[in-house]
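> mind looking at a prediction? Sequence and model below.
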Amino acid sequence: MYKMFFAVLFLCCVIVSCGVGKQAGTTSETENDIRFYVQMPDGKPAAHARIFIVKPQALDAISYENTILGDTVFTDSNGFASIPVGDDYEDNMYLIQWNEYAYFSRLQQDSVLVYLEKAGSIRGSTKPNSYVTIYPIGLQAYAGDSGEFTFTNVPQGSFALWGQAQNAKLGLELISTVQVSAEQESQVQIVSGFLLEDFDDGDEYPAIYSVGMGNAWYVYTEMAATQVEPAQMHTDFSLALVQEDAWFGKSLQTQFTLDTNRSISAFASIACKIGMQYGSGRANLSAMDSVSFMIKGQGQVRVFFASDFIHTQYPDTEASSDLGYTFGLNSEWTRVVIPIDSLLPPAGSLPAIEGVTWNDVKHAIDLFGLGSWDEPGAVIQIQLDDIRLHGVTIQDLAE
Ligand SMILES: [Ca+2]
């Protein structure tokens with residue numbers, strides 16, 4: 001049970017891949033009219049195609065009660081339409097739908113020639129009675145009592161899905177990423193919680209990168225004899241993202257073989273920045289109540305959050321003293337939920353001795369990591385998926 005409608009949505013400076021559609025521009029005499037010439041893939045005019053102008057909105061302008069309908073215009077029998085826009089139209093995007101064809105792009109000229117492409121669809125389930133919005137094109141669906149939702153006539157491309165529960169004013173969560181193609185319906189499986197990464201798009205950037213947060217995943221070791229598999233993930237992290245035995249879609253799969261030399265602190269870790277402005281800023285995790293992820297494997301690992309507090313208040317010798325949680329892996333996919341009370345400095349570290357808690361560090365978090373925490377020579381196998389921050393919204397993170 002669902003209904004669909006369309007809404008204008010906020011827009012940041014996010015680059016979204018949008019297929020291989022062609023677009024060409026010319027100059028027009030009329031300053032504030034955008035002239036659209038919409039054609040089918042074979043070059044015939046797309047008559048009565050629906051054009052939406054998607055205007056930028058501040059994130060906090062969107063609320064459950066106040067979804068804003070976009071300007072829409074239909075093309076004439078020649079596939080032509082003219083739409084008045086403001087001077088700032090270059091901040092806008094346009095979305096065009098015609099039957100099972102669609103296209104979207106940024107408005108860069110005041111006259112655009114568009115060749116529509118075959119559209120795709122998305123089906124999934126999320127929190128009952130919540131809205132799901134495709135970012136940044138603004139299509140919305142309502143997930144009713146069953147929590148199921150469907151989008152049809154979605155242009156091809158990579159998108160983020162935002163969720164907003166009825167009882168959470170301004171509580172926008174990044175709930176999934178999705179790749180839409182014309183060949184098959186895209187399936188998404190959504191657990192509650194702000195999505196940090198689901199690895200499903202198969203690239204080295206975490207899901208939050210799609211909304212301007214965080215930066216690329218990387219792997220690092222003590223630089224001695226510790227081995228990482230696949231070895232090439234040092235230069236191409238995406239090689240570790242596989243469908244085989246994945247929890248859903250694609251999952252991270254890696255193995256660390258620690259140096260046997262007891263005189264060094266052998267380790268290997270994966271990490272990504274999670275702060276604002278593509279990781280150059282910090283994330284405020286004050287509102288977070290827990291972090292969760294799906295994981296399986298063998299060996300002992302530690303999940304950690306690097307904070308300004310530990311890295312500015314303590315000497316470099318405490319660089320491994322970030323707050324985190326150490327646990328053993330088992331051979332079945334398991335959801336591990338770690339409440340913030342359990343995020344602590346490593347036992348025996350200076351911050352632990354001085355009683356540093358999550359409260360001291362939570363305002364300025366730099367990166368998320370998962371690393372080995374095991375004996376020299378240990379072989380640690382890790383499969384990881386669906387990392388979620390619970391209790392936070394995009395607005396919280398930016399504060
Ligand atoms: Ca996944």
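Yep, it's here. Residues are numbered from 1 along each chain as shown.

> how is the residue of the stretch 251-399 of the chain found nearest the ion assigned, secondary-structure-wise?
Residue of the stretch 251-399 of the chain nearest the ion, by CB to the ion: residue 385 (4.3 Å). For the C-beta atoms, the positions are set from N, CA and C on the backbone; glycine is no exception. For residue 385, the reduced secondary structure class is strand; criterion used: DSSP: H, G, I helix; E, B strand; the rest coil.

> give me the pLDDT value at it.
Looking at residue 385, its pLDDT is 97.

> can you count the residues close to it?
Residue 385: 23 surrounding residues under other CB atoms under 10 Å.

> beta partners of it?
residue 294 (DSSP bridges).

> does residue 274 touch residue 206 like I think?
Yes. Residue 274 lies in contact with residue 206 (CB atoms under 8 Å); the separation is 7.2 Å.

> overlap of the contact sets of the two?
196, 214 (CB atoms under 8 Å, 6 or more residues apart in numbering).

> which residues of the stretch 151-300 of the chain score low on pLDDT?
Confidence mapping of the stretch 151-300 of the chain against pLDDT under 70 gives the ranges 165-171, 191.

> near the ion, which residues of it are found?
198, 199, 200, 248, 249 (CB under 5 Å from the ion).

> which two from these end up farthest apart in space?
Of all pairs drawn from these, the greatest distance, 9.1 Å, lies between 199 and 248 (CB to CB).

> any common contacting residues for these two?
Shared contacts of residue 199 and residue 248, defined by CB under 8 Å, 6+ apart, comprise residue 385.

> on that earlier part again, reformat the residues of the stretch 151-300 of the chain next to the ion into CSV and put neighbour count and secondary structure next to each item.
Compiled in CSV, these are given as follows (neighbours: other CB atoms under 10 Å; DSSP: H, G, I helix; E, B strand; the rest coil):
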residue, neighbour count, secondary structure
198, 27, coil
199, 27, coil
200, 24, coil
248, 18, coil
249, 22, coil
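
> if we can go back for a sec, the residue of the stretch 251-399 of the chain closest to the ion: what's it in contact with?
With contact set as CB under 8 Å, 6+ apart, residue 385 has these partners: 198, 199, 246, 247, 248, 251, 252, 293, 294, 295, 333.

> and if you look at residue 336?
Neighbour list for residue 336: 292, 293, 294, 295, 303, 327 [criterion: CB under 8 Å, 6+ apart].

> also residue 358?
Counting by CB under 8 Å, 6+ apart, residue 358 touches 323, 340, 341, 343, 344.

> name the nearest of those relative to residue 97.
In terms of CB to CB, no member of the contacts of residue 358 lies closer to residue 97 than residue 340, at 43.4 Å.

> chain center to stretch 273-293: distance?
Average the C-alpha atoms of stretch 273-293, do the same for its chain, and the two points are 12 Å apart (CA atoms, centre = their mean, to the nearest Å).

> try stretch 172-187
Using CA atoms, centre = their mean, we find the averaged C-alpha position of stretch 172-187 to lie 11 Å away from the chain's own average C-alpha position.

> any idea how far apart the tips of it sit?
Its first and final residues considered, stretch 172-187 spans 21 Å by CA to CA, to the nearest Å.

> quick one: the strands in the stretch 151-300 of the chain?
Remark: strands assigned in the stretch 151-300 of the chain by DSSP state E, counting those that start in this stretch are 157-165, 172-180, 186-189, 194-197, 218-221, 227-229, 241-242, 251-257, 268-273, 290-298, 300-307.

> got the angle for the last one vs strand 268-273?
So the one you mean is strand 300-307. Here strand 300-307 runs at an angle of 30 degrees relative to strand 268-273 (axes from the mean of the first three to the mean of the last three CA atoms, to 10 degrees).

> strand partners (parallel or antiparallel) of strand 300-307?
If you go by DSSP bridges, strand 300-307 pairs up with strand 323-328 (antiparallel), strand 365-372 (antiparallel).

> what residues sit buried inside the very next helix or strand once past it?
Sequence-wise, the next helix or strand beyond strand 300-307 is helix 308-313, with elements assigned using DSSP states H and E. Using 16 or more other CB atoms under 10 Å as the burial criterion, the residues of helix 308-313 that qualify are 309, 310, 311.

> elements contacting helix 308-313?
helix 358-361, strand 365-372 (3 or more CB pairs under 8 Å, 6 or more residues apart in numbering; DSSP states H and E).

> the longest one vs strand 290-298, what angle?
For strand 365-372 and strand 290-298, the angle between their directions (the same axes, to 10 degrees) works out to 20 degrees.

> thank you kindly, that will do.
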